[in-house]
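Colleague: here is a sequence together with a model predicted from it:
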Amino acid sequence: MDYSLNSRTTTSPSFGIGLVYGLTAYMLWGGFPLYFMLVDGLPLLMIVASRVLFALLFVALIIALFRRWDEIGALIRNRPALRMSILAGLILVTNWSIYVYAVTSDQVIDASLGYFINPLMTVLLAVLVVRERLGRSQWIAIALAVIGVSVIAVAAGAIPIIGLSLALTFAVYGLIRKSIPTSATAGLFVETLGATPIALVYLIFAWTTFQQITDIPEAIALLALAGPVTVLPLLAFGSAVNRLPLSVVGMLQYTTPTMIFLLGLFFFNETVLFGEWIGFVFIWVALIIFTTSSLNKARRRQLVDTRKTHIA
């Protein structure tokens with residue numbers, strides 16, 4: 001997959017289509033709290049296990065339609081990649097569990113915090129694990145984010161465990177996922193396949209224990225909806241990345257936490273203390289600095305690539 005910035009510009013005919021795909025993906029992710037509100041009242045593990053199972057079935061349908069089973073076979077035969085995929089799947093399911101818990105326990109704004117700071121957490125992990133070097137602006141952004149989280153913790157009287165856990169698990173998942181040479185669709189299939197035995201054992205137990213729930217057709221339909229709800233944004237995102245410069249994708253990613261934050265504030269009527277507002281402002285300033293720095297780096301890289309092309 002070609003990620004060079006100069007191969008996909010805003011004048012490209014596919015840019016508008018890519019923008020639609022990107023906004024669709026991030027807005028669907030941003031609207032997740034509304035779906036989990038519909039299944040609120042069901043046991044948390046039942047929601048997560050159903051999401052694993054129905055996501056596997058739905059992505060299997062997509063793979064069958066596009067005849068991509070050879071890619072699945074190649075991934076399964078690659079033992080190191082298979083092990084990493086299973087590990088990634090377990091971390092992804094952990095992230096899903098925390099997110100569902102956040103929404104169903106009226107901590108939607110805490111969840112938005114996790115996805116606001118996720119890009120910075122990802123960069124920090126890259127420094128610690130991959131030994132990437134950061135510029136001054138990026139370090140300033142990380143420092144401001146740390147201050148912001150600290151201010152929120154002091155204002156709330158507790159460490160924002162939900163937000164930090166979501167940011168950390170998704171950053172670790174992204175780091176592992178980046179090391180696996182396969183498409184997002186094939187990766188999700190193997191990741192959910194690895195978690196399916198645990199999900200099935202729980203669902204078999206739950207189907208008998210929670211008979212009063214599992215006998216309700218509406219509940220089954222809502223749980224089954226977890227399949228397309230999980231997979232469709234991923235497919236839209238993959239289509240967007242193929243058509244858009246990564247700098248644009250980087251800007252669009254803030255659509256999701258912004259929507260989650262606004263839903264928590266206005267739809268779920270959660271309260272944000274004055275001190276928490278100050279903490280969020282620190283984080284938003286950090287993201288502005290981080291994004292501006294990333295865009296400037298991308299432009300400089302594009303200029304260098306353009307000069308090399310002219311010289312060649």
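Modeller: All right, it came through fine.
Colleague: so which helix or strand takes in the nearest residue to Leu87 once chain neighbours are set aside?
Modeller: With Cβ to Cβ, 6 or more residues apart in numbering as the criterion, Leu87 has its nearest non-adjacent residue at 6.1 Å, and that residue is Ile176. Yep, even glycine has a C-beta here, placed from its N, CA and C like the rest. Secondary structure assignment for Ile176, by DSSP states H and E: helix 161-178.
Colleague: can you give me how far the helix or strand following that helix is from the chain middle?
Modeller: Moving toward the C-terminus from helix 161-178, the next helix or strand (DSSP H and E) is helix 184-209. Chain-centre distance of helix 184-209: 19 Å, with Cα atoms, centre = their mean, to the nearest Å.
Colleague: and the angle for helix 184-209 with helix 161-178?
Modeller: Put simply, helix 184-209 runs at 130 degrees to helix 161-178, going by axes from the mean of the first three to the mean of the last three Cα atoms, to 10 degrees.
Colleague: by contact count, what packs against helix 184-209?
Modeller: helix 44-66, helix 69-77, helix 79-104, helix 226-243 (3 or more Cβ pairs under 8 Å, 6 or more residues apart in numbering; DSSP states H and E).
Colleague: buried set for it?
Modeller: Residues of helix 184-209 classed as buried: 185-196, 199, 202-203, 206 (neighbour count, 16 or more other Cβ atoms under 10 Å).
Colleague: and if you look at stretch 48-61?
Modeller: Val48, Ala49, Ser50, Arg51, Val52, Leu53, Phe54, Ala55, Leu56, Phe58, Val59, Ala60.
Colleague: ditto for stretch 124-132
Modeller: Leu124, Leu125, Ala126.
Colleague: go on, stretch 27-35?
Modeller: Buried, per 16+ other Cβ under 10 Å, within stretch 27-35: Leu28, Trp29, Gly30, Phe32, Pro33, Tyr35.
Colleague: the nearest residue to Ala236 once chain neighbours are set aside: what's it in contact with?
Modeller: Residue nearest to Ala236 in three dimensions, not counting chain neighbours: Ala25, with 3.9 Å by Cβ to Cβ, 6+ apart. By Cβ atoms under 8 Å, 6 or more residues apart in numbering, Ala25 lies in contact with Pro233, Leu234, Ala236, Phe237, Ala240.
Colleague: for Leu232, see how far away the nearest residue to Gly18 once chain neighbours are set aside is.
Modeller: Nearest residue to Gly18, sequence neighbours excluded (Cβ to Cβ, 6+ apart): Arg243, at 2.8 Å. For Arg243, the distance to Leu232 (Cβ to Cβ, to the nearest Å) stands at 17 Å.
Colleague: neighbour count: these two, which is higher?
Modeller: Arg243 (20 against 15; other Cβ atoms under 10 Å).
Colleague: wait, the more buried one sits on Val20?
Modeller: No: the criterion here is Cβ atoms under 8 Å, and Arg243 misses it with Val20 at 9.4 Å.
Colleague: re earlier: export the helices and strands packed on helix 184-209 to TSV and tack on distance to Gly275 and mean pLDDT?
Modeller: What follows is these, written out as TSV (distance: least, Cβ to Cβ, whole Å; pLDDT from 0 to 100):
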stretch	distance to Gly275	mean pLDDT
helix 44-66	30	93
helix 69-77	47	93
helix 79-104	20	94
helix 226-243	33	86
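Colleague: put together JSON lines for those helices, with distance to Ala158 on each row.
Modeller: What follows is these, written out as JSON lines (distance: least, Cβ to Cβ, whole Å):
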{"stretch": "helix 44-66", "distance to Ala158": "21"}
{"stretch": "helix 69-77", "distance to Ala158": "41"}
{"stretch": "helix 79-104", "distance to Ala158": "14"}
{"stretch": "helix 226-243", "distance to Ala158": "30"}
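Colleague: shouldn't the residue nearest to Ala236 be within a strand?
Modeller: No: going by DSSP: H, G, I helix; E, B strand; the rest coil, the assignment for Ala25 is helix, not a strand.
Colleague: per-residue pLDDT of it, please?
Modeller: Model confidence at Ala25, given as pLDDT, is 91.
Colleague: beyond the helix-or-strand element of the chain with minimal mean pLDDT, next helix or strand please.
Modeller: Taking mean pLDDT, DSSP states H and E as the measure, the chain has helix 211-214 as its least confident helix or strand, at a mean of 58. Proceeding N to C from helix 211-214, the next assigned helix or strand is helix 217-224, under DSSP H and E.
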